[in-house]
Every structure is written in C-alpha cells, then in structure tokens.
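Q: Got a sequence here, can you model it:
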Amino acid sequence: MAAGELVREDATDADAGTAQASAERQQTAEANVVEDPEHGYAAAVTASGRLSVARARRPEAPTLPFSTPQLSRLDEALTLSSRSTGLHFSVYLGDLGADTRAGAEALHATDPATAAESVLIAVSPAQRRVEIITGAESSRRLPDRACNLAVMSMVASFKEGDLIGGLVSALRMLSDQAGQR
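A: Residues are numbered from 1 along each chain as shown. Now for the predicted structure:
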C-alpha cells in the first residue's frame, strides 16, 4: 500500500474493531477509578497528560442591596414620616417594567383601602428611574413641586452611590412638606 492511498474496510470489521476498542477503554476506566491523592475524586489525568477536574458549581448567595444598619435607618425614616404626617409612606426598589410610571401606579394601587393617603417612592436603579406616586389625600398635602425637589435630592445622592441616604433624605423632605396630621 502506497502512502496517501485510502483503504476501505468493511463496515462490519470497522464496527467490531470500534466496539472492541470501546469495551477495552471502559474496562481500563473502571479499573482506574481510584482517588487521586494529589487532586482527589473527580480528577483524571488524560492520555495526553492534561489534568481534567470536575467541580460542583455552587451558586453565590444573593446579596442584599442594604446592610442591617441601612435597613434600620430606612425603617426609622419610614416610621417617623408616617407617624408625623398620618400618611402611609412606602419605598419600592426594583424593576418597574417598560412603562415605569404605570408600573409604579400599579404598585401604589395594590392596597385600595389606604391608596388615598399613601405615598410611594419607586426606584428602579437598572432603568435609572425614580417615581413618586401620591394618592388623592396625599397629593393635596404634597404638591408636585415638593415631589420634584425630593426626586432631585435622591438623584444627587444616588449619583454619589448613597442609595439609603437619598431615600432617607427624600422621606424627610416629603414629611416636612406634608406637615403634621
């Protein structure tokens, strides 16, 4: 047979040879199932000398946007704002959908019993949007100008990376504007 000449084997001979080689590899692999003292289980040195290691993927625990002291600060600001004004203040942090205003209004309307006296501060960091939604009674006590000032204050803090500071500042500004009960 000359170099470069193609040789065709019968399919049955090739299949038999392939099956026999596969069976030999399986037996060799089963015989070699031992813990590698240097690398542990799920590690194998391939025929080329490369080390192949299988590792279990452990997803990272989700991180919260706020620490415990920050949540405490936010809770205190929400409580003081609600107590001093008689309005129900709430904060939403997350995606508001394609139409951020409609998404915030839908969130505000989830409790129809208190919607008239409620104020929702909705922040969507990924969309870089801030919405303040007021009910019928709260809009009488919080004019658009006061809400716009609160939004500008929040945006300034957010640009500095202070999410909690912006929210707390806005709550204080809105409660000061709304006045006592």
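Q: Next one: the most centrally placed residue in the chain, what pLDDT does it get?
A: Note on the chain: the residue nearest the mean C-alpha position is Pro62, at 7.3 Å, using C-alpha atoms, centre = their mean. pLDDT, Pro62: 74.
Q: So which bits of stretch 165-178 are buried?
A: Buried positions in stretch 165-178, judged by neighbour count with 16 or more other C-beta atoms under 10 Å: 165-175, 177-178. C-betas here are computed from N, CA, C, even on glycine.
Q: Actually, stretch 88-101.
A: Within stretch 88-101, the residues that count as buried by 16+ other C-beta under 10 Å are His88, Phe89, Ser90, Val91, Tyr92, Leu96, Thr100.
Q: What of stretch 131-145?
A: Applying a neighbour-count criterion of 16+ other C-beta under 10 Å, one finds Glu131, Ile132, Ile133, Thr134, Gly135, Glu137, Ser138, Arg141, Leu142 buried in stretch 131-145.
Q: What of stretch 65-74?
A: By neighbour count on 16+ other C-beta under 10 Å, the buried set for stretch 65-74 is Gln70, Arg73, Leu74.
Q: In helices only, show me those residues.
A: If you go by DSSP state H, these have Gln70, Arg73, Leu74 in helices.
Q: for the chain, which spans come out with low pLDDT?
A: Low-confidence segments of the chain, defined by pLDDT under 70, span residues 1-37, 39-40.
Q: Swap in 80 and give it another go.
A: Scanning the chain with the threshold set as pLDDT under 80 gives 1-45, 54-56, 61-64, 181.
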